[in-house]
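Novice: Build me a structure from this.
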Amino acid sequence: MDERTAPEHREAVIDKSFGSRPLLDPAPVLHPVELSIDVVSSLEGLRALKPDYERLERVTANTLPFTLPEWHLTWCEHVLNRQPQREEQLQLLVLRNRSGDCVAIVPLVLDKWHVGPLQLSTVDLLGDDQGITEIRGALIEPGYERASVRRVHQHLDGLAAWKWLEWRDADDALALAVTLELRPRWYKVRDDWLLDLPQSWEEFRRGLPRNTRESLRHCYNSLRRDGHRFEFLVARTRAEVSEALGRFLELHTRRANMSWGVRHPNRFAGRAQQEFLYDVCDCLAACDAVRVFQLRIGRAIVAARVGFIVGDSMYLYYSGFDPAWARYSVMTTAVAEAIRYAISAGLRTVNLSLTSEQSKLRWSPRLVEYHSGLLMHRQSLSSRLVYGAYRMVTSGRGAPARLLKNMLRSHREWN
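Specialist: The predicted model follows:
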């Protein structure tokens, strides 16, 4: 349960609404000031932005690990320019108001793909890694969305050759700003699920649907009835997290290899993905932002899930369990104990992550939508033609798509 499958994408209405929800405000706040922009393209420059990241995390009330400087830095160290057929340039855009305050950080990557004798250049948000970075995004101070979008595109207009920009995983406020400024083509909506936490576990449990309460009782009672006792362990220090990740990866692989039940991909099948996970968790554990939740029965860890503490929220990342213990619903028990841990720690929310799996919906979370859209460069004919070929590739339909896919890789392959 609770593992990430490829999200089902819905078509979004372009002009007046996104997904199933209307635009929130026809006239959002627009700061009249002009914003300056700096381009950071080195790891040293990224490291120097730590105070600006911290300011934006406070004013935006950010709760996502994927926009933290530790995540961006580790991603660039492990992922950037690892593809022989792609040339990538970090374009981390830092926007400031007249007072010098950093009001936005937009982490972009200028991506040049070599397609035979041709070259295709696109601009995308940092995080093209086959689902390791689950939600991509920018940090923008509330009220500066339209001014930031406008300034970013003024800067991009000065760059030659790129064909399109993809605004991925924009929240409602940013999606509205992009729509009002640029009229992009919105093509995808993804569902994220958030639990609002009460002050006690008992209050939370009483608010659950009756069938969920019964399921929880069964999880605990079935172990007790068969003479099993579990321990709930929380790895938190850098040493503890490093040790726990080894067992997590084993359980994640076992779950992916199950021949029955819902299919889940192994997100960490290769050495490169595993090294990234170890390094990003080590960086975040140094900031006390990682928890690896583990369920131990006897001497064996039978279920594990990685969590990130950001602000007053916990993001539940990938998981794994031993299929031999599946009949006891050990993953449900582990998630329940993780939620109980978050409540006792005084956190306000738990993010159950993307996709509408029944294992998430049973907790009665609220929906948060993220929108992805595409903007052509100056609406040129070449941009439209290349984009048509790109859409053919990513659709995977027919022989032309298969042929083009051999030439143009639409997803990163880890080396």
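Novice: after the longest helix along the chain comes which helix or strand?
Specialist: For the chain, the helix that runs over the most residues, judged by DSSP state H, is helix 238-256. Downstream of helix 238-256, the next assigned helix or strand under DSSP states H and E is helix 271-285.
Novice: Quick check: which element contains residue 168?
Specialist: Counting by DSSP H and E, residue 168 is part of strand 162-170.
Novice: Tell me the strands beside that strand, with direction?
Specialist: strand 118-125 (parallel), strand 366-376 (antiparallel) (DSSP bridges).
Novice: If you average the pLDDT over the first one, what comes out?
Specialist: Translated: strand 118-125. Across strand 118-125, pLDDT averages out at 83.
Novice: swap in the longest one?
Specialist: Here strand 366-376 scores 91 as its mean pLDDT.
Novice: Pull the distance from it to the chain's centre.
Specialist: Remark: strand 366-376 is offset 12 Å from the chain centroid, using CA atoms, centre = their mean, to the nearest Å.
Novice: And the shortest one, by the same measure?
Specialist: The gap between the average C-alpha position of strand 118-125 and the chain average comes to 21 Å, counting by CA atoms, centre = their mean.
Novice: Can you give me the buried ones in that strand?
Specialist: The neighbour-count check on strand 118-125 (16 or more other CB atoms under 10 Å) flags 120-125 as buried. Every residue, glycine included, has its C-beta placed from N, CA and C.
Novice: Surely residue 330 touches residue 321?
Specialist: Yes: using CB atoms under 8 Å, residue 330 makes contact with residue 321 at a distance of 5.5 Å.
Novice: Give the residues shared as contacts by those two.
Specialist: Here residue 330 and residue 321 share the contacting residues 302-303, scored by CB atoms under 8 Å, 6 or more residues apart in numbering.
Novice: Spell out the secondary structure type for residue 147.
Specialist: Look at residue 147: counting by DSSP: H, G, I helix; E, B strand; the rest coil, its state is helix.
Novice: before we move on, back to that, what's next to the strand holding residue 168, contact-wise?
Specialist: 108, 110, 120-125, 127, 135-137, 153, 156, 174-175, 178, 184, 190, 370-377, 380, 382-383, 386-387.
Novice: what packs against the helix or strand following that strand?
Specialist: Using DSSP H and E, the helix or strand that directly follows strand 162-170 along the chain is helix 172-182. Contacts defined by 3 or more CB pairs under 8 Å, 6 or more residues apart in numbering; DSSP states H and E place helix 172-182 against helix 145-157, strand 162-170, strand 366-376.
Novice: export the ones you listed to TSV and tack on mean neighbour count?
Specialist: Shown next, in TSV, are the helices and strands packed on helix 172-182 (neighbours: other CB atoms under 10 Å):
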stretch	mean neighbour count
helix 145-157	20
strand 162-170	22
strand 366-376	19
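Novice: can the ones you listed go into a markdown table with extra columns for distance to residue 293?
Specialist: Below are these laid out as a markdown table (distance: least, CB to CB, whole Å):
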| stretch | distance to residue 293 |
| --- | --- |
| helix 145-157 | 35 |
| strand 162-170 | 25 |
| strand 366-376 | 22 |
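Novice: between those, which gets nearest to residue 35?
Specialist: helix 145-157 (4.6 Å; CB to CB).
Novice: how big is the angle separating the closest one from strand 366-376?
Specialist: Angle of helix 145-157 versus strand 366-376, following axes from the mean of the first three to the mean of the last three CA atoms, to 10 degrees, is 30 degrees.
Novice: on that earlier part again, tell me which residues of the longest helix of the chain come out buried.
Specialist: For helix 238-256, the neighbour count (16+ other CB under 10 Å) marks 238, 240-241, 244-245, 247-249, 251-252, 255-256 as buried.
Novice: swap in stretch 63-78?
Specialist: When neighbours are counted by 16+ other CB under 10 Å, the buried residues of stretch 63-78 are found to be 63-76, 78.
Novice: Same question for stretch 52-63.
Specialist: Result for stretch 52-63 [16+ other CB under 10 Å]: buried residues 52-53, 55-57, 59-60, 62-63.
Novice: Please work out which residues outside it touch it.
Specialist: Here stretch 52-63 makes contact (CB under 8 Å, 6+ apart) with 67-69, 94, 101-105, 139-142, 310-313, 315, 349, 351.
Novice: What pLDDT does the model give residue 164?
Specialist: pLDDT, read off for residue 164, is 82.
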